[in-house]
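Trainee: Below is the sequence, then the predicted model.
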Amino acid sequence: MRRFAGGTLALAALLALPACGYSLVGTGAFLPEYITTVAIPTFANDTSRFEVEVRVTDAVTREFVSRGDFSVVADSEGADAELAGTILSFDVTPIGIGQDEQANNYLVMIRAQVTFRDLVQNRVLYANNAFLFRQQFELEQDPNEFFDVSNVAVDEIAREFARTVVASILEGF
């Protein structure tokens, strides 16, 4: 009888393991099951940086689509949830120079507000008014070619911003 009780206890412990709440990062989704269509309107832009909101919104949309079985639309009409954001600041600061005394190392910072709202239950599921992204990157450029370093930077930082925002929403952080 003791062996039976011990075996039953061990079996119960093994069966309880999958329910302990662990999952692989990037695979979780803590949203209600009825959320299948997400509206992601173009983020507002409170900066003087041209088109930063378009690049960030595109990156967030691509990341959201790649992370789940969601339909993404631009308008909240008919959507189950809405992800809205405002880019509050965008700064590119040179922090290193090369042998030619031209900037080649930059610190990029984006500060934003993000809100994810369940439109069915009319409640906020996630909000962060202080998203701050800082990323350093090095750029080797030909001094004979001129291009806006911050365009390269905003594309890179937009992808990182998108990964962090979507992970925070889907994984319940």
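Mentor: In hand now; what should we look at? Here the structure is a predicted model, which means the values were calculated and not measured. Residues are numbered from 1 along each chain as shown.
Trainee: chain center to stretch 59-75, what's the gap?
Mentor: 11 Å (Cα atoms, centre = their mean, to the nearest Å).
Trainee: Low-confidence ranges, this protein, go.
Mentor: Judged by pLDDT under 70, the chain has its weakly predicted residues at 1-29, 139-150, 152-153, 173.
Trainee: now residue 137, which residues is it bridged with?
Mentor: When bridges are assigned using DSSP bridges, the partners listed for residue 137 are residue 106.
Trainee: Tell me how many other residues surround it.
Mentor: Burial measure for residue 137: 15 neighbouring residues, criterion other Cβ atoms under 10 Å. (C-beta placed from N, C-alpha, C; glycine too.)
Trainee: likewise residue 52?
Mentor: Burial of residue 52, expressed as a neighbour count using other Cβ under 10 Å, amounts to 23.
Trainee: One more: residue 91?
Mentor: When counting by other Cβ under 10 Å, one arrives at 15 neighbours for residue 91.
Trainee: Likewise for the one 10 residues further on?
Mentor: Around residue 101 sit 7 other residues, with neighbours defined as other Cβ under 10 Å.
Trainee: next one: the one 4 residues further on
Mentor: One way to gauge burial is a neighbour count; for residue 105, by other Cβ under 10 Å, it gives 14.
Trainee: which residue sits closest to it in space, ignoring its chain neighbours?
Mentor: When the adjacent residues along the chain are set aside, residue 105 lies closest to residue 96, with 2.9 Å between them (Cβ to Cβ, 6 or more residues apart in numbering).
Trainee: How much space separates that neighbour from residue 160?
Mentor: Distance, residue 96 to residue 160, using Cβ to Cβ, to the nearest Å: 20 Å.
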